[in-house]
Every structure is written in structure tokens, then in C-alpha cells.
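J.: next one to model:
(2 chains)
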Amino acid sequence: MTDLFKHDLLKQVAELDALPVGAYNIRANGNTAVRNTTAHINIVTKTDLPGIDIHVQAGTKNESLHIPVVISESGLKESVYNDFFIGPDCDITIIAGCGIHNCGDQDSSHDGIHAFYVGENSKVRYVEKHYGSADEGATGKRLMNPTTIINLGKNAQLTMETTQISGIDDTNRRTNAVLAEGAKLEIKENLMTTGDQRAVTDFVADLNGEGCSCNIVSRSVAKDNSWQEFTSRLNGNAPCAGHTECDGIIMDKARVLASPSLTANHIDASLIHEAAIGKIAGEQLTKLMTLGLTEAEAEEQIINGFLK
Amino acid sequence: MLELQHVGFVADGKEILRDVSLTINDRFVAVTGPNGGGKSTLAKIIMGIDKPTSGKILFNGEDITNLSVTERARRGISYAFQQPVRFKGLRVKDLLKLAAGKDATITDACNVLSEVGLCARDYIDRELNDTLSGGELKRIEIAMTLARGTQLSVFDEPEAGIDLWSFQNLIHVFEKMYERTQGSILIISHQERILNIADKIIYVKGGVVEKYGPREEILPGLLNAQAAGACKVLTDKLAENQEGGARA
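T.: The predicted structure is shown next:
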């Protein structure tokens, strides 16, 4: 059990330094290490694929589910399929995320494929953090490719907070959402790449139901020689409202490509996209320096605030 | 406290300041003069944002000419920007805490906001982004300088954009700041009401300090010159005439 909390991975990805309350399934080095179900949230191991099915009973309110993954074996590669069946009239929080500590010279990777089926009038807050660390001298890469599939039923709401601040060498982050009548989707992405890291983010949302809405906001910082690619596409297929925004800070020799796009297939689809990429404004650094911060401290404050 | 010795500043081949020598020890010192005359550059030279191309700057006897902005800030100089900077993600309380130093509490931050006429509860968690108006940002900028409470505070046109707040309050802020710091407050302004509280006035024109002396000596000359239509240095009389004297 103590190994679960080694390298601070669970702390980093799910703010856990002990087992959580409520339902949980913690996966460590390719297997379920510990699991807890509740009267309203059941977790079942899949029989055809690696992963779990989560069933949340109708009307479940104010409960939480933790499903973090930790990998500390160098060379471990896995694809995990988790399906979430959330009944109507629920209000729950799901904490996911993956932490990889690579101590060797072989690449370690985790591809998490999460599919959400959110019932009518349900409300879900979904938080995922991706984090990597390594022993000194270890050359194995940390790779993650999260895929999130979101199906929102009538008047269902999902808020997704997805964060990758450090330690992941290569990532393809894909999110596909389908919204029914009156559904609401909010996505907030915070991303930072350093060194030679590469991060590709791809959001697609089909706004199919009358009165549905979607807001996707990505804030990213690209440092050193890193590369980021941000794509988001909103398809307005009904009277709906959609907004997508990518805001990037670029530093050193990093490169960022941002491509927000909109397709309006209905006369009453109201869609907006915004993208802005630039270095930290000199006057922002100067202002913080007039408060007594060094240039490096000022830069750190600006980045931390931006990604908060 | 602050001494400028033969300070000059040339940028892009153009002489912005020429042979400026000043000693500033008084409570309130106002810097005035026509636009483009070098007032803001003078303030930036004092803060270290611009480096003089000739001359020396002494602060409490120490030569700070080659010190960075950070080092000058840590020695006790503050600077309130004419155009406050916006920060996505940083909140009012983050900046006020940075301004006040590590030991500052939320209560301290709330107090300075109240002093500049902003309801702390409404503003403390706001981001300094585009949702704040120019006037709100300006008052937060003043609050940051107030929170620092340094020996020398430089304000570049603090009155600009705060029309809805009374001048009397702004002046009250300066007075409170002096009570606390017992230092010097240098204010760049075109406003007669600000000049009226100054102990000394510096008149800068064409990159040169044309006049520097006690208010009683300098201000009447400026008002007479304006009355004669020589140069519209002071803007509040002009604004009052345009608005029928309605502004507080």
C-alpha cells in the first residue's frame, strides 16, 4: 500500500496522500491496486478490455469518485478503457489523472480512454491532471495520450478541468463531445511544456440539441524548445451557443500552433472563437519588478497566475 | 533623499532630457509641464525603467544610476504607472500582497483598497484583466503604491481616469501615505488641484527643468501664463469650463 504513495504521484495528480473517501479505483503499474464502491457508485472490471465500467445510480448527489493511475515501472505501456454510465439527476465529482515516474531508460506510457454517458439533468465535475517525474539520469520518456469522449443527455452538464503542467514528454490529448438539448459543457485546459516536449490538443464538440452550449478555454505556456498544437472545432448543428478560446504564452524557442474553427450548420447557431499567442509583455515584467521582484520571480508569478 | 546630477537621456538620436539636476527632499513634489516635455521620462529614469545616458542619480547618498528596477524598488522607490498593466490570472489580492511584501495579510490588502475608494469585498478576488475599467485599474495601481509604503513614491498622472472619485479623496490618500512613510511623494500632474497641495513644483519643458521651487513661487507664474493663453499646462480649469464646473 505504501508504494502507492511513492514519488508523490498520487499527491500530484489527485491531491491524495491517503486513500480518499467515497468510491475509488486506484490503478498502479498496470493493475487495480485498491477499489472501493459505495451504495450508489459501482465499479466493475471490464472483461473484454483493460479498464473499468463505472455505474452511478440515478439521483446520486454530492458523491465523489477517484480513479487515478500511477506508473513507476520503466517500460510499462498500457491502454486503459474506462466507461462512466451516469444516471439522471446526479451531481458528482470525478477526480482522474495519471502520474508516471520513470526511473529507467525505457519509455513508459499510459493511454487513458474515458467515455462519459451523462444522464438527463445530471451535473458532473471532472478533474484530470497529468504529471511526470524521473530519477536523475533516467532517459526513458513519459508519454500520455488521454482520450475523452463525452455524451451529454438532455440538460446534462459537465465541467472538465484538465491540467498538464510538467514532466510529460509527448502527449496527444483528444476530446470529443456530443451535446443534446439544453446540455452544457465547460472545458478548462491548463498546459505547460518545457525542454523538447510536444503536446497536441484536439477538441471537437457537436452541438446537436436546441439550447445547448459549450465553452472551451485553453491556457498554455510553451517554454524552451517545446512544441504545442491546439485545435478545437465547434459544430453548431442546432440553435446553440459555443465559444472556444486559446490563449498562449510563448517563451525561448518554443513554437505554438493554434487553430480554432467553427462550423455553423444552423441559422441560430451562435459561435465564437478566439486565439492569442505572444510572449510575456515587457510592461508586465517591469510592473512586478517595481514591486521588488526580480525578472525571474516576475516571470514565475505571471506564468503561475496565467495557469491558475 | 533623491538627487539627480546633470542627468541626460537620449533615445533614438533624440534628446529627451538635458542636464537635469534636482534634489528632492520635500513631502509633496509635483512635476508639471507641457505634454512631450520629458515628465514621464524623468519618472522612469528615477525608477530605473529608463537608464540615463549621462549624469548620476543618488538615493539616500547611494549612487543608484546603474541599479536595476528591482534593486531600486527594494531600496524604497515605488512607481505608479500612468497606464496600469493588466494581468490575466493575477488577482487584485495577489498583486497587493506582492506589493506589500511577504507578511501582508488579506486584511491589509482590503484596507488599502478601501483607502482608494474600492469596496474590498467586490475587488479582492478580481483578476486584473479586461473586465476592469481604466478607472478601477488606476485606483488599484495607486493602492499598490500605498501598500508598498516606500520612502519615495512616484505617481505618473494619478488623477487620469478617476473622474468618478473625488480629487479630495486622492489628495487624502497622498496625505495618509505621507503620514505613514514620512517620505517624499513625487506626482506628475497637469491638475491645478494637485499642484495646490505640492510643497515644491518642478516645471519641465523641452527636456529641461525650467523652474523648480516652492509652490508659492512657481504656481502663480504658471496660472498667469495659462490665463494669457501661453500654454495649456493645467487641464482642470479647462475641463471645468467645458463641463460647467460640475466635476468634484
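
J.: just the element for the nearest residue in space to residue B:58 that is not next to it in sequence, please.
T.: On the basis of Cβ to Cβ, 6 or more residues apart in numbering or on different chains, the spatially nearest residue to residue B:58 that is not a chain neighbour turns out to be residue B:3, at 4.3 Å. Every C-beta, even on glycine, is put in place using the N, C-alpha and C of the backbone. Using DSSP states H and E, residue B:3 sits within strand B:2-11.

J.: elements contacting that strand?
T.: Under the contact criterion of 3 or more Cβ pairs under 8 Å, 6 or more residues apart in numbering or on different chains; DSSP states H and E, the helices and strands touching strand B:2-11 comprise strand B:14-24, helix B:39-47, strand B:54-59.

J.: contacting residues around it?
T.: Residues from elsewhere that reach strand B:2-11 (Cβ atoms under 8 Å, 6 or more residues apart in numbering or on different chains): B:15-25, B:38, B:41, B:45-46, B:50, B:52-59, B:152, B:184, B:207.

J.: ok, now how distant is the residue of the stretch 101-250 of chain A found nearest chain B from residue B:191?
T.: When Cβ to the nearest Cβ is the measure, the stretch 101-250 of chain A has its nearest residue to chain B at residue A:247, with 6.9 Å between them. Separation of residue A:247 from residue B:191 (Cβ to Cβ, to the nearest Å) stands at 38 Å.

J.: counting neighbours, what do you get for residue A:274?
T.: Burial of residue A:274 is recorded as 12 neighbouring residues (other Cβ atoms under 10 Å in any protein chain shown).

J.: about what we covered before: let's see the strand or helix carrying the residue of the stretch 101-250 of chain A closest to chain B as CSV, backbone CA atoms only.
T.: Counting by DSSP H and E, the element that carries residue A:247 is strand A:240-250. Extracted as CSV, the C-alpha positions of strand A:240-250 are listed here (Å, rounded to 0.1, in the frame of the first residue of the first chain):
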residue,chain,number,x,y,z
CYS,A,240,-26.9,26.8,-29.7
ALA,A,241,-24.1,28.9,-28.2
GLY,A,242,-20.4,27.9,-28.5
HIS,A,243,-17.2,29.7,-27.5
THR,A,244,-13.6,28.4,-27.8
GLU,A,245,-10.5,30.3,-26.8
CYS,A,246,-6.8,29.5,-26.8
ASP,A,247,-4.5,31.8,-25.0
GLY,A,248,-0.8,31.1,-25.2
ILE,A,249,2.4,32.4,-23.7
ILE,A,250,5.4,31.6,-25.8
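
J.: for that strand, which strands pair with it and how are they oriented?
T.: strand A:212-222 (parallel), strand A:269-278 (parallel) (DSSP bridges).

J.: which secondary structure elements does the following helix or strand past the shortest one sit against?
T.: This points to strand A:269-278. Using DSSP H and E, the helix or strand that follows strand A:269-278 towards the C-terminus is helix A:282-290. Contact analysis of helix A:282-290 by 3+ Cβ pairs under 8 Å, 6+ apart lists helix A:295-306, helix B:69-75 as its packing neighbours.

J.: pull the number of nearby residues for the closest residue to residue B:63 other than its chain neighbours.
T.: Spatial nearest neighbour of residue B:63, chain neighbours left out: residue B:56 (6.0 Å); criterion: Cβ to Cβ, 6+ apart. Counted with other Cβ under 10 Å, residues neighbouring residue B:56 total 15.

J.: look up which residues are beta-bridged to residue B:56.
T.: Beta-bridge partners for residue B:56, by DSSP bridges, are residue B:5.

J.: is it in contact with residue B:62, as I believe?
T.: No. The pair residue B:56 / residue B:62 is not scored as a contact, 10.7 Å apart, by Cβ atoms under 8 Å.

J.: strands of the stretch 1-150 of chain A, residue ranges please.
T.: Assigned by DSSP state E, counting those that start in this stretch, the stretch 1-150 of chain A shows strands spanning A:23-28, A:31-36, A:41-45, A:51-56, A:61-66, A:69-71, A:77-86, A:91-95, A:98-102, A:108-118, A:123-134, A:142-144, A:147-152.

J.: closest to residue A:45 out of the strands paired with strand A:240-250?
T.: Residue A:45 sits nearest to strand A:212-222 of all the strands paired with strand A:240-250, at 32.6 Å, using Cβ to Cβ.

J.: look up how far residue B:21 lies from the residue nearest to residue B:58.
T.: Residue B:3 sits 8 Å away from residue B:21 when distances are taken as Cβ to Cβ.

J.: SS state for the most centrally placed residue in chain B?
T.: Geometric centre of chain B, nearest residue: residue B:155, 0.9 Å, by Cα atoms, centre = their mean. Look at residue B:155: counting by DSSP: H, G, I helix; E, B strand; the rest coil, its state is strand.

J.: from chain A, how far out is it?
T.: In this structure, residue B:155 lies at 12 Å from chain A, with Cβ to the nearest Cβ, to the nearest Å as the measure.

J.: just to revisit the earlier point, most packed of the helices and strands packed on helix A:282-290?
T.: Each of these was given a mean neighbour count from mean count of other Cβ atoms under 10 Å in any protein chain shown, and the largest, a mean of 20, is that of helix B:69-75.

J.: give me the contact list for that helix.
T.: Residues from elsewhere that reach helix B:69-75 (Cβ under 8 Å, 6+ apart): A:286, A:289-295, B:47-49, B:59-60, B:62, B:64, B:67, B:148, B:150.

J.: quick check on those residues: which are buried?
T.: Among the contacts of helix B:69-75, the ones that count as buried by 16 or more other Cβ atoms under 10 Å in any protein chain shown are A:286, A:289-294, B:47-49, B:59, B:64, B:67, B:148, B:150.

J.: thinking again about what came up before, using TSV, lay out the strands paired with strand A:240-250 together with mean pLDDT.
T.: Supplementary listing: the strands paired with strand A:240-250 in TSV, determined by pLDDT from 0 to 100:
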stretch	mean pLDDT
strand A:212-222	97
strand A:269-278	95
